[in-house]
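Participant: Sequence below, structure please.
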Amino acid sequence: MIEINYERRGQGEPLVLLHGIGHRWQAWSPVLDRLAEHHDVIAIDLPGFGGSPMLPPERRYDVPSAVDALMEVFADLGVPRPHLAGNSLGAMLSLEIAARGGARSVTALAPAGFWSARDRAWAINILRMVRASGRVPAMRTALTSRKPLRLLGGSILFGRPSHVGEQDMLGDLESMVAAEGFDAIIAAGGHTYVYAADAPTVPVTVVWGSRDRVLWPRQARRAAELLPAARHVSLPGCGHVPMGDDPVAVSRLILETCALGALEKAA
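Facilitator: Numbers count the residues shown, from 1 in each chain. Prediction:
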C-alpha cells in the first residue's frame, strides 16, 4: 500500500485533485470548499511532496510508474475511477490516467508535456531557481517582510500574486525546498504527452492562464492539436497556478467538466 497525505471534504461523485511539481495539496485551498459543495473531493500530496513520503525504493519516478501508483492510491481510497483535476505535473498525470481509462473526466490546468525541448528546459530551470531561492533564509524573510519582492517573486507562478497571502506563499516555497520527489522527477527525464491515438475518450477541459510564465501559453496550441476533442480554455490574467488567481472561474470549469463526465456515465 502506498502511503500518502491528503485532505478530503464533501460528498458526491469522487473528484481527486493533483498538484504540480514541488507543490502540495494546499494549492487547491482557494477552490476546495466550492468543489466540496458538489463532490467528494480528495486533494492529495503526490508521493515525495507535501506530507507524503517518497515511493518505495522499487518504484520509479517516471510517468508510467507514477500513473500505476496513483491508480493504486485511488483504489485504496475507494475511488477507483474518479473525476480528476490537475495542475502542471498533476494535469499531465491526470491526462495519462484518463488515457488508460482510469478517470471519469479531466480538467487539466497548464498541463506539462506539450512542450518543445526549449520550453521544457525553461520550465525546469525556472522551478529550480525558485527552489534554490527558497534555501536562502534572507529570501524567505524578504517574502514575508517586503511586499514588492513578494509580488515580483510570486509573479513567476501566479498571474495575480497579490491574491496569495504571504504565509501561503512562504509555505509553498518551503514545500518546494523540502520536496524529496523534485529531483527524482527531473532525473526521470523528459516526457512529451499524448499522441492522438492515446487521447482520453472521457470529457477533458484543458486550461491555460494568459500569464503563465512556467509553461508558456503557446503550448496550448500544441495541446489543441493533440487533443482536438477536448475543450480548450484560456483564463485571462491567470498564471501557472490559476486556482488562487481566479478561484470562481477555475471551480466553474472543473464542475462543468465533472458534470459532462457524469452525463456520459449515465448514458
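
Participant: can you count the residues close to Gly78?
Facilitator: Neighbourhood size, Gly78 [other CB atoms under 10 Å]: 10. No exception for glycine: its C-beta is placed from N, CA and C like everyone else's.

Participant: which stretches of this structure form helices?
Facilitator: 29-36, 63-76, 89-99, 117-134, 137-145, 147-154, 166-178, 181-187, 219-226, 247-266 (DSSP state H).

Participant: could I get those helices as a markdown table with mean pLDDT, distance to Pro236 and mean neighbour count?
Facilitator: Below are the helices of the chain laid out as a markdown table (pLDDT from 0 to 100; distance: least, CB to CB, whole Å; neighbours: other CB atoms under 10 Å):
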| stretch | mean pLDDT | distance to Pro236 | mean neighbour count |
| --- | --- | --- | --- |
| helix 29-36 | 98 | 17 | 20 |
| helix 63-76 | 94 | 31 | 18 |
| helix 89-99 | 94 | 19 | 27 |
| helix 117-134 | 91 | 21 | 16 |
| helix 137-145 | 75 | 26 | 13 |
| helix 147-154 | 82 | 18 | 15 |
| helix 166-178 | 89 | 22 | 17 |
| helix 181-187 | 89 | 30 | 17 |
| helix 219-226 | 93 | 13 | 17 |
| helix 247-266 | 90 | 9 | 18 |
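
Participant: Ok, which of those comes nearest Pro53?
Facilitator: Each of those has some distance to Pro53 by CB to CB; the shortest is helix 181-187, at 9.5 Å.

Participant: Quick one: list the elements packing against that closest one.
Facilitator: helix 117-134 (3 or more CB pairs under 8 Å, 6 or more residues apart in numbering; DSSP states H and E).

Participant: ok, and the closest non-adjacent residue to Trp216?
Facilitator: Of all residues not flanking Trp216 in the chain, Asp119 sits nearest, at 6.2 Å (CB to CB, 6 or more residues apart in numbering).
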